[in-house]
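# Could you look at this predicted model? Sequence included:
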Amino acid sequence: MKSALSSKVEEKEIIVLDSLTFGAPKTKEMIKVLENVKAAKKALIIMAEKDENVIKSAANIPGVRTALVSTMNVYEIINYTSFIVTKDAINKIEEVYA
């Protein structure tokens, strides 16, 4: 896991967001976020805690997947070009994998 994460850092494929929240599930809003951060077509969004609005907002976008820090796996990290993570998720990753 550490090696997969390190390779994303080296390849500059990690996008860190202060936060990612939506008041309601909005696919258009998620698309705007992905465009603003210049995410690749295959993007993995990692969250510290489950957020149904984020999950539903990303669900209908081809090539985009959401996961929790507790459920992410090496295959997903390697398979997706953009690794989008919130600061809270970074802190949780550091706790789990440090």
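Sure thing, it's come through.
# Spatially central residue in this structure, please.
Centroid-nearest residue in the chain: residue 45, 1.7 Å away (criterion: Cα atoms, centre = their mean).
# List the strands paired with the helix or strand harbouring it, with their directions.
Residue 45 belongs to strand 43-47 when elements are defined using DSSP states H and E. Strand 43-47 pairs in its sheet with strand 64-68 (parallel), strand 82-86 (parallel), by DSSP bridges.
# quick one, which of those is nearest to residue 22?
strand 64-68 (12.0 Å; Cβ to Cβ). To be clear about C-beta, it is placed using only N, CA and C from the backbone, and glycine gets the same treatment.
# As CSV, could you dump the C-alpha coordinates of that closest one?
Output of strand 64-68 as CSV, limited to C-alpha atoms (Å, rounded to 0.1, in the frame of the first residue of the first chain):
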residue,chain,number,x,y,z
VAL,A,64,-14.9,7.9,-11.3
ARG,A,65,-15.0,5.9,-8.1
THR,A,66,-15.3,6.7,-4.4
ALA,A,67,-13.8,4.8,-1.6
LEU,A,68,-13.1,5.2,2.1
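# Good, wrapping up.
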